[in-house]
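Q: Here's a sequence, model it:
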Amino acid sequence: MRFIHTADWHLGKLFGQRHMTEDQAYVLEELLALCKDVRPDALVIAGDVYDRAIPPPEAVELFNEILTRLAAQGIRVLFIAGNHDSAVRLGFGAQLLRASGIYLAGAVRSAEPPVILSDKHGDVYFSLIPYGDPPHVREAFALNENVSFDGALVVQIAAARAQIPSSARSVAVAHAFVIGGQTSESEHALSVGGSDHVSAEHFAAYSYTALGHLHAPQRAGAENVRYSGSLLKYSFDEAHQKKGIELVELNAAGAASHTFYPLTPRHDVRIVRGMMDEIMTDTDPLPHDDYICVELFDTDAVLAAHEKLRRIYPNLFTITRPNINVNRLSSTERSYERGKSDLHLFSDFFAEVTDEQMTETERDELIRIIDSMEQGERAE
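A: This next block holds a predicted model:
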């Protein structure tokens, strides 16, 4: 049995102020081409298909196109809801989709049947375990007591294992934060204070566990319990990561092997470091249309840094100043160096030049209005 493990597509994602749909479509074309080459029995998506509960229409259209083309290739698709997805919306049409070889688990259910796929060695049972926070698990399983995230997962896995013969090969598909995993800035915390962490030991009975939620490709407590990582880099602290998919193979005895296949994005996410004068010499051999964070090592203010750097890097996202000497900057320069938007810079300047005429309450109200304006721009 050969299947592709992927997760955390986050279709409809906004990275900075940039819609990533075209970038996602580009890399998904590469995934479809890979499917034609390796001919997997199935493709598994371990949650966070979309970036938010109500995804933009173009994200839904893209997912529909990808599912249609995978089905046309004869590749079964198995996916679950993650914490970013709307479980109910994602689960629409589940019974109808099964006829096309597409299997999904949206909302948490007390008796989610396994998906059974077969090869020449017999059946493989896939447990689709959608993301479930403790209140939803408690409701679905009619529990009388409160449970933790770890306890909720134990309940879900126990129900799933009860439907699988003890000697059968099996695969778990889950979306959770396994203890010890490497996190990234683009992930949303499931709870406060680490109470969302779960143990990898709960998956010990499975031949392989395909996890989603953490964006770095990594093992999670055991070699056969793994995160495939996200489809693309969605924050600059992921710049050093390789993104791709895991091709998993189960032999007749249920032993799992895996091979990581990197995917090449339309635009890489990179951090460029150096002094302003050094960077402006333009000796960077890598593509200049990548998504760039510039880390300037200058200690003093740099005049028109954004405008100058955008001549070299048209997709400049942000500038960081780890060595800046803030004591030598004016208040407006400090705001600019901290990466504030033009709207906030205007509010800072307006408040500064009219300081004697404005009360503290009036300044707070101005900031509130600016925040509302920025939220409106992001929504558009």
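Q: Name the nearest residue to Asp119, ignoring sequence neighbours.
A: Met1 (4.7 Å; C-beta to C-beta, 6 or more residues apart in numbering). To be clear about C-beta, it is placed using only N, CA and C from the backbone, and glycine gets the same treatment.
Q: how near is the one you found to Val171?
A: 8 Å (C-beta to C-beta, to the nearest Å).
Q: Help me confirm that Arg321 comes into contact with Asp298.
A: Yes: Arg321 is within contact range of Asp298, at 7.4 Å (criterion: C-beta atoms under 8 Å).
Q: These two - which one has more neighbours?
A: Arg321 (22 against 17; other C-beta atoms under 10 Å).
Q: so what's the backbone phi/psi at the more buried one?
A: phi -130, psi 80 (degrees, to the nearest 10).
Q: thinking again about what came up before, the residue nearest to Asp119 contacts Pro40, doesn't it?
A: No: Met1 is not in contact with Pro40 according to C-beta under 8 Å; the separation is 9.1 Å.
Q: the more surrounded of those two?
A: Neighbour count, other C-beta under 10 Å: between Met1 and Pro40, Met1 has more, with 25 against 22.
Q: Identify the residues contacting the more buried one.
A: Listed by C-beta atoms under 8 Å, 6 or more residues apart in numbering, the contact partners of Met1 are 41, 117, 119, 121, 124, 169, 249-250.
Q: Most neighbours out of those residues, which is it?
A: Arg169 (25 neighbours).
Q: Who is that one paired with across the strands?
A: Val124 (DSSP bridges).
Q: again, but for Val294
A: With DSSP bridges as the rule, Val294 is bridged to Val272, Ile319.
Q: element containing Thr138?
A: One thing to correct before we go on: residue 138 is Arg, not Thr. Assigning secondary structure by DSSP states H and E places Arg138 in helix 134-140.
Q: packing partners for that helix?
A: Counting contacts by 3 or more C-beta pairs under 8 Å, 6 or more residues apart in numbering; DSSP states H and E, helix 134-140 is packed against helix 149-161.
Q: list the helices and strands the helix it packs on packs on?
A: strand 122-129, helix 134-140, strand 169-175, strand 197-198.
Q: Pick the most deeply packed of these.
A: strand 169-175 (a mean of 27; mean count of other C-beta atoms under 10 Å).
Q: now it and strand 122-129, what's the angle there?
A: Counting by axes from the mean of the first three to the mean of the last three C-alpha atoms, to 10 degrees, strand 169-175 lies at 20 degrees to strand 122-129.
Q: which residues in this protein form helices?
A: Remark: helices assigned in the chain by DSSP state H are 21-38, 57-72, 87-90, 94-98, 134-140, 149-161, 276-280, 305-312, 331-337, 342-353, 360-379.
Q: Run through who's touching the shortest one.
A: What it means is helix 87-90. Helix 87-90 is contacted from outside by 49-50, 53-54, 81, 104, 106-108, 130-131, using C-beta under 8 Å, 6+ apart.
Q: mind running it again at 7 Å?
A: Helix 87-90 is contacted from outside by 49, 81, 104, 106-107, 130, using C-beta atoms under 7 Å, 6 or more residues apart in numbering.
Q: Equivalent analysis for the fourth one, please.
A: Contacts with helix 94-98, where a contact means C-beta under 7 Å, 6+ apart, come from 104, 106.
Q: And the average pLDDT for that helix is what?
A: For helix 94-98, mean pLDDT is 94.
Q: Same check on stretch 57-67?
A: Mean predicted lDDT for stretch 57-67 stands at 97.
Q: List the buried residues for that stretch?
A: 59-60, 62-63, 66-67 (16 or more other C-beta atoms under 10 Å).
Q: Stretch 271-288 too?
A: For stretch 271-288, by 16+ other C-beta under 10 Å, it's 272, 274, 276, 279.
Q: on that earlier part again, what subset of the contacts of helix 87-90 is buried?
A: 49, 81, 104, 106-107, 130.
Q: Widest-spaced pair of those?
A: Greatest spatial distance among the buried ones among the contacts of helix 87-90 (C-beta to C-beta): Val49 and Ala107, at 14.3 Å.
Q: picking up where we left off before, return the member of the contacts of Met1 nearest to Gln218.
A: Glu249 (19.3 Å).
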